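1. need a structure here:
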Amino acid sequence: MPGLSLRKAVTFFVLFAAVLESSLASILAVDYGSDWIKASLMKPGVPFDVLLNKDSKRKMQSSVAWKKDERLFGSDAANMASRFPEDSFSSLKYIQGAPFNSDIVTYFTSISTAQISETDRKTVALKQSDGTEWSTEELVAMQLSYIKKLAEDLAGEPVNEVVLTVPPYFSQLERDSITDAIEIAGLRTLVLVNDGTAVAVNYAMTRTFSTNPEYHVIYDAGASSTRATVVSFAAVEDPKTKASYTQINVLGVGYDRNTGGTELDLRLRDILIDSFMSKHRRDIRKDKRGMAKLWKEAGRVKAILSANSDAMSTVESVAFDIDFKTKVTRSEFENACKDLHSRFARPIYDALANAEFSLANISSVILTGGNSRTPMVQAAVKAAVGEDRIALNVNADESAVLGAALYGASLSRQFKTKDIRVTDILIHDIQASYLASNPGTRTIHTAILPAGSKHGARKTLTFKREEDFSVVLNYPNEVMSGFPREILEAKIVGIPEAIDNLVERGAIDPVIKATVVLSESGFVSVGDAIAYGEIKDDSITGGGDQVPLETDVDEGALKDEKMEKDKKDKAKKPLGKDQSTIPLEVEIVYNSQGPLSLVAKRAARERLRALDNMEMSRQLREEAHNSLEGYLYKLRDLLNDGPETPFIKCSQLSERQTLSDKLSEITAWLHEEGDTADRLQLWEKRSALELVSFRGRRLFHRLPFLDRTLEKPIVHRYKEIESFPQALNNSQKWNWSTRLFLTQARENVTADAIAGVPSKWTSQELDALEKALKEHESWLHDGVERQKKTKMNEDPAIDTKEMQQRSKMLEQHLQRLVKRKVPKVKKTPAKPDANESSSTEATQAPGDSQPGHDEL
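-> Sure thing, here's the model as predicted:
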């Protein structure tokens, strides 16, 4: 039993440690856009800010690319598009969860030079130039895994949880796609937060509000789309704790999925294409590298036109060995985008209409998103809401990711942040479809979650069924052209058995109840299903044990029998169990374009892990190559520095010749075979160079801390020459200090003996210290004499490290005696005479006081 208790205690400690570790985990927030990625890390003890990439930039481009076998991310990947257009993948946000034949995929092909193919799930895969295919989820997972590594380098610990922003219009297919990518990257989704809501949290973090709600519009002009979110801010008192907190309610959302910064880049690229074709009479649209170069140039020119009336576009060797140069004016650019002017402001009107508000109720329109800096976008918004309502009081690039990080921190107990509570809404209608109870009849469609339903809502559907059936959750209206309306199918099974059991219990008109849940991340599903029937009361139905009236029954025996039966009934079923409810099994079935299966996600993760391992092997090989190459250069410089250098003075001709021969041999091998050699071969060559040594020399028996090399003993010689004087002085100092202490200590011991008091030290202790001192003095004297006869190019006769160790031992021996405290003298009371004591004890009665000591 004690062993069992110990095992339980250990198990509890391990579980508690695991829970504690998970509760103290870091939280990663990611704002994943079609052009840029921003990230932030929430960790106790780490300053709250945007995560920097390896180039110390606060944002990185949403790109992944390959340069032969090398995988690149961010700006490095984006720059590869002009050289390897088929191996560079950007703007993947457009095709997350998108069916292959949808309009958005067609639009993606107009802005990307990548090759696409159709997956088994009828979604999009992208193909490298060598034929390797990657699903959209895998490519996004690579970028998230890269960000995860950056966060772990900063946190100094594993990062497993992530909060990620998504547009509010994302369908369940698109949300499933991003969560699949998160899981493939080795992360766990803490929550998906709509980007407008994240900006609202960031806005509220440094502001206080009254109990009267304030209404604002978060206008997010991003690269892929334009969104507007009507949000209310108010101070609310918690009825339980009476503490005040900030309540954020999302009231309405408007959006345009086809109007954003990418569309402006596309229009500007078309201007450059027309200019090139009119000047050079060549169709550049057939050249992928040329199109990639013009796409990059369009983004640069757009940024210039945001602050200038015209810009000069220059691209060297854009295509067909032609250097392209043209001038683009802002008026020309805006004229090409004139049909977009009204569409930029349309989301604001739609958001107000969905919230059932007018512009008069709005305090300000908060601009965010990189495209909000474009003059034509600002002009369209000002014309719609008035210049006095425009607010530029949040960081247009970073407010979403910082708000997402704060929102994620509010879900964890380990962070102490301002109490902000958020209520978000669904913007697409969702209905339940199922067949009528009569076989072969019509399909019934029931609206269960209309647009505007709050995240976290639960709706219960009641059915009068006796057989298993299915409920299909779908969108009554098309979310996006080419996207399927069906979300999932929930098969409710086990109904006949459950109904029979309820009827046996006496249930009246049993029914089936299914609960539809809308999660905080915007996912809808059938949470559970039950068979329910109201059980009739035994006193009304006459139920229970009955005894025939015509039979004579002994009352005592009947009472005992009934008590025994009650005990058995209580043993059969737990007390307090609801007999009117029986849980049913719910099987969720997705269509072919639904989320990845567990097997598919595991295979994708293993595929990415194999890619990571391969890249790690290549990195280690490069490190080995650089290490060997650097070591060769170092030895070459040491040999060629001149006769007056310490290395030459402290080495012998034979040593230098041996080292030079081996150096020439391995240098030639590195030039001929170094590029194809693996990591082990490179380290073996360096080891072979290092092992050129005088293996039998006594130096290495006395200096185990040195590698068995030829170069290091030579370096060791002139370092010993430099450090020897200080080490010798330190050793002699402790010899002198110990000798002085021994002289004084022996005088004190003699004086204490004469005075009859105990001494701090014994003669044996002082003799032991003197013995150690003499041994140290003798060893040091012999070593110094031998060192005087040693040449510079010979191994030192006495090593400074050994000198330091020996003097340290003498110092410690001395300090133990010096720091010893003086022993205290114990006062012993004078013992009375034995005869007197005995007589006193004999004559004095117990309890009697002694005369003359009353004052005590």
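2. got the residue ranges for the helices in the stretch 701-850 of the chain?
-> 711-755, 763-788, 800-818, 834-843 (DSSP state H, counting those that start in this stretch).
3. just put the ones you listed in CSV and tack on mean neighbour count and mean pLDDT.
-> (C-beta placed from N, C-alpha, C; glycine too.) What follows is these, written out as CSV (neighbours: other CB atoms under 10 Å; pLDDT from 0 to 100):
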stretch, mean neighbour count, mean pLDDT
helix 711-755, 15, 87
helix 763-788, 14, 90
helix 800-818, 15, 91
helix 834-843, 9, 43
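4. now render those as JSON lines, adding distance to D323.
-> Putting these into JSON lines (distance: least, CB to CB, whole Å) gives the following:
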{"stretch": "helix 711-755", "distance to D323": "52"}
{"stretch": "helix 763-788", "distance to D323": "72"}
{"stretch": "helix 800-818", "distance to D323": "66"}
{"stretch": "helix 834-843", "distance to D323": "123"}
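5. ok, which of those helices comes nearest S342?
-> helix 711-755 (75.3 Å; CB to CB).
6. run through the stretch 551-700 of the chain and note the low-pLDDT ranges.
-> 551-577, 690-700 (pLDDT under 70).
7. pretty sure T326 belongs to a strand, no?
-> Yes: membership of T326 in a strand is supported by DSSP: H, G, I helix; E, B strand; the rest coil.
8. list the contacts of it.
-> Applying CB atoms under 8 Å, 6 or more residues apart in numbering to T326 gives the contacts 272, 275-276, 279, 312-313.
9. now a PyMOL select for only the buried ones of these.
-> Of the contacts of T326, the buried ones go into a single PyMOL selection, burial set by 16 or more other CB atoms under 10 Å:
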select buried, resi 272+275+276+313
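10. just to revisit the earlier point, looking at the helices of the stretch 701-850 of the chain, which is nearest to A432?
-> helix 711-755 (77.3 Å).
11. what's the angle from the closest one to helix 763-788?
-> 150 degrees (axes from the mean of the first three to the mean of the last three CA atoms, to 10 degrees).
12. quick one: helix 711-755 to helix 800-818, angle?
-> 20 degrees.
13. so who does the residue nearest the centre of the chain touch?
-> Note on the chain: the residue nearest the mean C-alpha position is V159, at 3.3 Å, using CA atoms, centre = their mean. With contact set as CB under 8 Å, 6+ apart, V159 has these partners: 25-28, 41, 148, 151-152, 187.
14. go again with 7 Å.
-> Applying CB atoms under 7 Å, 6 or more residues apart in numbering to V159 gives the contacts 26, 28, 148, 151-152.
15. next: S759.
-> Here S759 is in contact with 748-749, 752 (criterion: CB under 7 Å, 6+ apart).
16. ok, now with 8 Å
-> 748-749, 752-753.
17. as a markdown table, those residues with distance to N438 would be great.
-> Below are the contacts of S759 laid out as a markdown table (distance: CB to CB, whole Å):
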| residue | distance to N438 |
| --- | --- |
| N748 | 114 |
| V749 | 114 |
| D752 | 114 |
| A753 | 118 |
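18. least confident secondary structure element in the protein?
-> Lowest by mean pLDDT, DSSP states H and E among the helices and strands of the chain is helix 698-702, with a mean of 37.
19. any weak-confidence spans in the protein?
-> Checking the chain against pLDDT under 70 turns up 1-24, 439-440, 537-577, 690-710, 825-856.
20. do that again at 50, thanks
-> Where the chain drops to pLDDT under 50, the residues are 1-4, 6-7, 9-23, 539-560, 562, 567-568, 570-576, 693-708, 834-856.
21. Three-state assignment for S654, please.
-> Quick answer, by three-state DSSP: S654 is helix.
22. quick one, helices of the stretch 51-200 of the chain?
-> Going by DSSP H, counting those that start in this stretch, the stretch 51-200 of the chain shows helices at 74-79, 103-111, 136-155, 172-184, 195-205.
23. for M803, find the nearest of those.
-> helix 136-155 (41.7 Å).
24. mind listing what's buried in the closest one?
-> Buried-residue list, helix 136-155, by 16+ other CB under 10 Å: 136-148, 150-152, 154-155.
25. name the helices or strands packed onto that helix?
-> Identification of packing neighbours for helix 136-155 by 3 or more CB pairs under 8 Å, 6 or more residues apart in numbering; DSSP states H and E yields strand 27-32, strand 36-42, strand 63-67, strand 70-73, strand 124-127, helix 172-184, helix 598-640.
26. so which of those gets nearest A451?
-> helix 172-184 (14.3 Å).
27. give me the angle between the closest one and helix 598-640.
-> 40 degrees.
28. name the residues that touch helix 172-184?
-> 32, 96-98, 123, 136-138, 140-141, 144, 162, 164, 166, 170, 188-189, 192, 483-484, 487-488, 521-524, 593-596, 601, 604-605, 608.
29. rerun at 7 Å
-> Contacts for helix 172-184 (CB under 7 Å, 6+ apart): 96-97, 136-138, 140-141, 144, 162, 164, 166, 189, 192, 483, 487, 521-524, 593-596, 601, 604-605, 608.
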